[in-house]
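Peer 1: Sequence and predicted structure are below.
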Amino acid sequence: MLKHTYDGQDCNLARTLEVIGERWTLLIIRTALLGTRRFEGFLENLDIARNVLTNRLTRLVEHGVMERVPYQDKPVRYEYRLTPAGKDLTCAVLALMQWGDRNLPHELGPPRRADHVGCESPVRAELRCAECGRAVHDEEVQVRRIR
């Protein structure tokens with residue numbers, strides 16, 4: 001994990017990585033996007049240590065990425081649901097999956113594909129201009145400091 005102080009840094013990416021930048025955290029978010037909600041389901045799907053999963057889920061709840069919702073009274077059991085902030089990570093997760101498919105291909109092809117529910121065709125994360133709506137290629141993007 002990065003340091004929790006940003007002496008001399010004013011970086012939105014560094015702040016974001018403090019919340020979601022750890023390997024297990026992104027895999028938990030991906031697994032939640034695939035429909036897993038219960039602690040045991042995360043354990044099963046991720047082969048993660050219980051204490052690591054507990055820690056990561058707690059942080060995601062603290063940062064408003066997931067919410068802990070009771071689904072059973074006796075004994076009380078909880079599930080973890082993505083909040084709107086968590087669902088907002090869909091594009092970032094898809095972009096990372098696409099990057100892996102392009103740059104770290106598996107001989108059998110991708111193990112997962114994101115499809116449009118309406119027509120079952122693949123969905124792609126892409127850059128678009130906020131003003132004109134045109135698709136933008138990475139070489140057309142300039143990241144600059146605005147304050």
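Peer 2: Looks like it arrived, so ask away.
Peer 1: how close does Arg30 get to Leu46?
Peer 2: Using C-beta to C-beta, to the nearest Å, Arg30 is found at 9 Å from Leu46. In this view, the C-beta of every residue, glycine as well, is placed from N, C-alpha and C.
Peer 1: Kindly report the same for Leu94.
Peer 2: 19 Å.
Peer 1: now do His116
Peer 2: According to C-beta to C-beta, His116 and Leu46 sit 26 Å apart.
Peer 1: The two: who's more crowded?
Peer 2: Higher neighbour count among His116 and Leu46: Leu46, with 17 against 9, using other C-beta atoms under 10 Å.
Peer 1: Now do the contacts for that one.
Peer 2: Trp24, Leu27, Ile28, Thr31, Leu53 (C-beta atoms under 8 Å, 6 or more residues apart in numbering).
Peer 1: How about Ser121?
Peer 2: Asp115.
Peer 1: Based on its surroundings, how many neighbours for the closest residue to Leu96 other than its chain neighbours?
Peer 2: Sequence neighbours aside, Leu26 is the residue nearest to Leu96 in space, at 7.3 Å (criterion: C-beta to C-beta, 6 or more residues apart in numbering). Around Leu26 there are 16 other residues, counting by other C-beta under 10 Å.
Peer 1: for Tyr78, helix, strand, or coil?
Peer 2: Following DSSP: H, G, I helix; E, B strand; the rest coil, we place Tyr78 in the strand state.
Peer 1: tell me which residues form a beta bridge with it?
Peer 2: Assessed by DSSP bridges, Tyr78 has beta-bridge partners Pro70.
Peer 1: Hmm, it is touching Tyr71, no?
Peer 2: Yes: Tyr78 lies in contact with Tyr71 (C-beta atoms under 8 Å); the separation is 6.7 Å.
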